[in-house]
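Participant: what's the 3D shape of this:
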Amino acid sequence: MKLANLLEHLLTLERSLATALRTAGERHRLDHDVYYQCHAFARSADARAARLEPLARPNEGRDEWDSPVIEGSDDLLEELRALALALRGVALTWTMAEQAAKALRDPELLACASESVSDATSEADWFLTRIKTAAPQALTIE
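Facilitator: Here you go, the predicted model:
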């Protein structure tokens, strides 16, 4: 079933996102808001993965989905951009799962996916806001 592949992919995305967020937080620990938000969002990604784990059935086939690689950077603006894009990808993938849950009338998956879409979108929005405050200075001052 293709949904099983998607759910396994979501587990991979959430786990790699949590790792990337923790790494970014440590790399930018002097930017306190980034440090604390990255660690809070990493815990959120771990929680989403934990909620998804019982719903995801082990897939015996090959994973059809490519996992984007989140590359860290010492440049804060580039790091924020990469994390925002990763979170948007997670939110989009959860939206796909949410739509499948609606079609299958699976209330458990629907509840998990709906909450996860909302969480990931809110987290991506935080990064967008942080980019908007950091970009003018980072890109215009030499």
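Participant: Trp94 and Ala113 touch, don't they?
Facilitator: Yes. With contact defined as C-beta atoms under 8 Å, Trp94 counts as touching Ala113 (5.3 Å). To be clear about C-beta, it is placed using only N, CA and C from the backbone, and glycine gets the same treatment.
Participant: Please list all residues in contact with Ala134.
Facilitator: Applying C-beta atoms under 8 Å, 6 or more residues apart in numbering, we find Ala134 in contact with Leu76, Leu77, Leu80.
Participant: what's the distance between the first one and Leu11?
Facilitator: Distance of Leu76 to Leu11, given as C-beta to C-beta, to the nearest Å: 29 Å.
Participant: again with the last one
Facilitator: With distances taken as C-beta to C-beta, Leu80 is found 25 Å from Leu11.
Participant: which residues in this structure form helices?
Facilitator: When secondary structure is read from DSSP state H, the chain shows helices at 2-27, 32-52, 76-104, 107-140.
Participant: Give the buried residues for stretch 41-54.
Facilitator: Phe41, Ala42, Ser44, Ala45, Asp46, Arg48, Ala49, Arg51, Leu52 (16 or more other C-beta atoms under 10 Å).
Participant: any idea which of those residues is closest to Ala138?
Facilitator: Nearest to Ala138 among the buried residues of stretch 41-54 is Phe41, at 21.1 Å by C-beta to C-beta.
Participant: Would you enumerate the residues in contact with the spatially most central residue of the chain?
Facilitator: Geometric centre of the chain, nearest residue: Leu87, 3.5 Å, by C-alpha atoms, centre = their mean. Contacts for Leu87 (C-beta under 8 Å, 6+ apart) come out as Leu17, Phe41, Ala120, Thr121, Glu123, Ala124, Phe127.
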